[in-house]
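> sequence first, then the predicted structure:
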Amino acid sequence: MLVPADASASGSTKLVAALEQFYSEQVAKRRVVVGKRVEEVVQVAHDLMKHVEAQEPRCLSTLTQTGGRWEGLKIQSPGEYQVTIYLNQMGEFNLVDDGTVPGSAVLKLSDGRKRSMSLWVEFITASGYLSSRKMRARFQTLVAQAVEKSQYRDQLRMVGGTSEVRVRIRDTYTLDMVLAFKCYGIWPRSAAHWPEPTLPWPGVEQATEVKMSGFTLVSRDCSHLARDKEKDKQEAAITAEGDTWVMVFAEAEDRLLTQGCRKKCLGILKTLRDRHLELPGNPVSAFVLKTLVLYECEKHPHEWEWDTLSLGDRINGILLQLISCLLCRRCPHYFLPQVDLFRGIARQSLMQAASQCWRLTRDLLTRTEYLQQ
């Protein structure tokens with residue numbers, strides 16, 4: 001058995017106490033490190049966008065500070081940060097969410113709109129679609145030029161071999177810059193099934209509020225998603241992927257994790273991931289952990305199941321679910337279960353992560369002092 005035969009409520013209490021100490025010491029230490037790097041990331045992003053805006057006024061920096069937090073900044077890990085540049089004038093396009101490329105949608109010129117009248121004319125295909133790939137390529141060129149002109153140019157370099165816009169800072173961490181459109185007050189057809197009517201969590205009122213927060217369309221390389229067993233469908237998907245925009249639900253996910261110890265649980269998991277599960281191929285990303293916390297919320301829908309005394313049980317349950325997903329080589333997206341978060345990751349990486357996660361879970365349950373190592 002994974003859990004020792006003599007494990008009892010006292011053992012669970014001991015684990016909770018150890019997790020609380022880990023949170024107050026190690027998670028807090030991680031936040032300090034991340035906070036210092038965020039300051040530098042923001043300075044670099046502002047400087048780069050200043051040069052980008054001079055060449056392309058349609059790309060304006062939307063990185064702003066509100067309530068002590070930077071809107072548009074996402075911390076992937078202590079070594080990777082993402083800055084989202086929100087674009088305007090999406091209203092002239094219709095959202096087409098037909099599932100050709102799972103997890104993505106296209107933006108098509110509204111009926112009656114002429115291509116030549118659009119703000120984004122040079123990025124619109126002959127079929128009237130706003131090409132994510134073309135816009136990303138243009139943005140990548142602008143950022144590369146900005147790096148050469150930046151006051152921090154001696155500390156920066158573009159990451160090559162990818163269509164993504166990535167800048168390496170002091171060869172220590174990475175700034176990922178992405179273009180996006182914010183879709184307020186609407187919910188995509190691909191996620192229309194959520195929430196499942198038979199599940200008590202999150203409840204009708206909260207689900208309605210979450211859906212009203214909308215989602216974001218992000219310019220990402222999604223060629224790894226454009227695969228289908230049927231040849232005709234695969235060819236159509238590969239053709240379309242350059243024009244598609246990836247659907248992201250960051251705000252909706254955050255709204256679902258506001259109550260109880262859900263955020264604390266995720267913070268602990270992220271710190272454990274940084275210390276023990278940062279592996280080649282990045283099979284266990286912070287987003288995978290966030291997704292599994294959301295699934296754990298469905299399994300344990302009551303608020304008393306997310307109080308501090310239940311913290312050990314929730315961490316254990318999520319780690320066991322992670323092991324299961326790694327062994328099955330599939331982790332479905334929470335809102336878009338047709339999207340596999342492990343797609344494109346080598347089987348060897350997944351198996352290595354499963355083995356490492358198993359050791360981590362075993363040690364957490366059998367010797368809580370392991371948390372301080």
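Done, it's in.
> could you use CA atoms for every contact and neighbour count after this?
Fine.
> below-threshold pLDDT in the stretch 251-373 of the chain: ranges please.
Low-confidence regions of the stretch 251-373 of the chain, defined by pLDDT under 70, span residues 373.
> neighbouring contacts of stretch 74-90?
Among residues not part of stretch 74-90, those counted as contacts by CA atoms under 8 Å, 6 or more residues apart in numbering are 30, 33-34, 37-38, 41, 45, 58-63, 72-73, 119, 172-182, 270, 274, 285-287.
> ok, of those residues, which come out buried?
Buried members of these, scored by 16 or more other CA atoms under 10 Å, are 30, 34, 37-38, 41, 45, 59-63, 72-73, 173-182, 270, 274, 285-286.
> mind checking what secondary structure the closest residue to V96 other than its chain neighbours has?
Nearest-residue entry for V96: V106, 5.2 Å, with adjacent residues in sequence omitted and distances by CA to CA, 6 or more residues apart in numbering. Following DSSP: H, G, I helix; E, B strand; the rest coil, the label given to V106 is strand.
> helices - which of the contacts of stretch 74-90 land there?
When DSSP state H is applied, those are split such that R30, V33, V34, R37, V38, V41, A45, K270, D274, A286, F287 fall in helices.
> between these, which is closest to W201?
Each of the ones in helices among the contacts of stretch 74-90 was checked against W201 using CA to CA; the closest is F287, at 20.4 Å.
> report the contact partners of the closest one.
Residues in contact with F287, defined by CA under 8 Å, 6+ apart, are Q76.
> quick one: it from F342, how far?
According to CA to CA, to the nearest Å, F287 and F342 sit 11 Å apart.
> kindly report the same for A252.
Taking CA to CA as the measure, A252 falls 21 Å from F342.
> so between the two, which is more surrounded?
Each of A252 and F342 has its neighbours counted (other CA atoms under 10 Å); F342 has more, 21 against 18.
> chain neighbours aside, what residue packs nearest to E303?
The spatially closest residue to E303, leaving aside those adjacent along the chain, is G260, at 6.6 Å (CA to CA, 6+ apart).
> counting neighbours, what do you get for that neighbour?
G260 has 16 neighbouring residues, counting by other CA under 10 Å.
> again, but for D154
11.
> also Q65?
Using other CA under 10 Å as the criterion, the residues surrounding Q65 number 11.
> can you tell me the SS state at it?
In three-state terms, and counting by three-state DSSP, Q65 is strand.
> which strand residues bridge the closest residue to it other than its chain neighbours?
In this structure, Q65 finds its nearest non-sequential neighbour in E71, 5.9 Å apart by CA to CA, 6+ apart. Applying DSSP bridges to E71 gives these bridge partners: T64.
> against R347, how distant is E71?
Relative to R347, E71 is positioned 36 Å away (CA to CA).
> one more: Y370?
Summarising the geometry, the distance separating Y370 from R347, computed by CA to CA, is 28 Å.
> when those two are compared, which one has more neighbours?
Taking neighbours as other CA under 10 Å, Y370 and R347 compare with R347 leading, 16 against 12.
> so what's the more buried one closest to, chain neighbours aside?
Spatial nearest neighbour of R347, chain neighbours left out: R329 (7.3 Å); criterion: CA to CA, 6+ apart.
> what ranges do the strands span in this structure?
Across the chain, reading from the start of the chain, the strands by DSSP state E fall at 64-66, 69-71, 73-77, 80-86, 93-96, 104-109, 156-158, 165-169, 173-183, 215-218, 245-248.
> I'd like these as JSON lines, with mean pLDDT appended.
JSON lines is the format used below for the strands of the chain (pLDDT from 0 to 100):
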{"stretch": "strand 64-66", "mean pLDDT": "88"}
{"stretch": "strand 69-71", "mean pLDDT": "89"}
{"stretch": "strand 73-77", "mean pLDDT": "94"}
{"stretch": "strand 80-86", "mean pLDDT": "95"}
{"stretch": "strand 93-96", "mean pLDDT": "90"}
{"stretch": "strand 104-109", "mean pLDDT": "92"}
{"stretch": "strand 156-158", "mean pLDDT": "97"}
{"stretch": "strand 165-169", "mean pLDDT": "97"}
{"stretch": "strand 173-183", "mean pLDDT": "95"}
{"stretch": "strand 215-218", "mean pLDDT": "96"}
{"stretch": "strand 245-248", "mean pLDDT": "96"}
